[in-house]
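Asks: here is a sequence with its predicted model. Questions after.
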Amino acid sequence: MKKIILGILFIVGFSSVTFSQEDAVNWQTDYEKAVKIAKKEKKPLLVFFTGSDWCGPCKMLTEDFFDSKKFKKLADENFIIYEADFPRNKDLITQKQRKNNYYLSTLYNVNSFPTIVVIDRNGNELGRKKSYNLMRDTSYHFNFLTNVLKDQM
């Protein structure tokens, strides 16, 4: 009986991991590759500036907005996405990522987290959205992305 219960728990646990991976957003981890994909697919590049291991509002925005099915659908259809992370734990990103992220923060004058910058495939800024509210209302962020896309048409 224990083997049956353990087997069922294993299958349920494995299934939930599989389903959550299917719902995950496809973040690019290499900036140069993200730019190449954006040019090839003729999509804007969404860059999320975050402090993933220390920034409370960044964590909430990730949970409420970036991890949502609505964002995944919007991103899959319309954006190439790159996370410019500035973690306190330096082991979370590579030296190359750290260099690229610093370059991007300087280039787009980002000095607070979270910040979303959308750029066209040529590197021109299309828009930005800073911060996240404690009410955890993602409508501002969805409206921002919708407006950026409208301006592209």
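Replies: Structure's in. What do you need?

Asks: what is the helix or strand containing residue 146 packed up against?
Replies: Residue 146 belongs to helix 139-152 when assigned by DSSP states H and E. Here helix 139-152 touches helix 69-78, strand 115-119, strand 125-130, going by 3 or more CB pairs under 8 Å, 6 or more residues apart in numbering; DSSP states H and E. For glycine as for every other residue, the C-beta is placed from the backbone atoms N, C-alpha and C.

Asks: so which of the ones you listed is the most packed in?
Replies: strand 115-119 (a mean of 22; mean count of other CB atoms under 10 Å).

Asks: before we move on, the earlier item: to residue 86, which of the helices and strands packed on helix 139-152 lies closest?
Replies: Between residue 86 and the helices and strands packed on helix 139-152, the shortest gap by CB to CB is with strand 115-119, which sits at 10.8 Å.

Asks: and that closest one, how far from the chain's centre?
Replies: 10 Å (CA atoms, centre = their mean, to the nearest Å).

Asks: run through who's touching the helix holding residue 146.
Replies: Helix 139-152 has contacts (CB atoms under 8 Å, 6 or more residues apart in numbering) with 44, 46, 61, 65, 70-71, 74, 78-79, 116, 118, 120, 126-127, 129, 132-133.

Asks: go on, stretch 36-56?
Replies: 28, 34-35, 58-59, 61-62, 66, 75, 78-89, 92, 101, 104-105, 108, 110, 113-121, 126, 145, 148, 152.

Asks: could you flag which of these are buried?
Replies: 28, 34-35, 58-59, 61-62, 66, 75, 78-87, 101, 104-105, 108, 110, 113-121, 126, 145, 148 (16 or more other CB atoms under 10 Å).

Asks: ok, back up a step: just the CA atoms of the helix holding residue 146, as CSV, please.
Replies: Presented in CSV, the C-alpha positions along helix 139-152 are these (Å, rounded to 0.1, in the frame of the first residue of the first chain):
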residue,chain,number,x,y,z
SER,A,139,-3.2,46.3,-14.9
TYR,A,140,-0.7,49.2,-15.2
HIS,A,141,1.9,46.9,-16.6
PHE,A,142,-0.4,45.2,-19.0
ASN,A,143,-1.7,48.6,-20.2
PHE,A,144,1.9,49.7,-20.7
LEU,A,145,2.7,46.7,-22.9
THR,A,146,-0.5,47.0,-24.8
ASN,A,147,0.2,50.7,-25.5
VAL,A,148,3.7,50.0,-26.6
LEU,A,149,2.4,47.4,-29.1
LYS,A,150,-0.3,49.8,-30.4
ASP,A,151,2.4,52.5,-31.0
GLN,A,152,4.3,49.9,-33.1
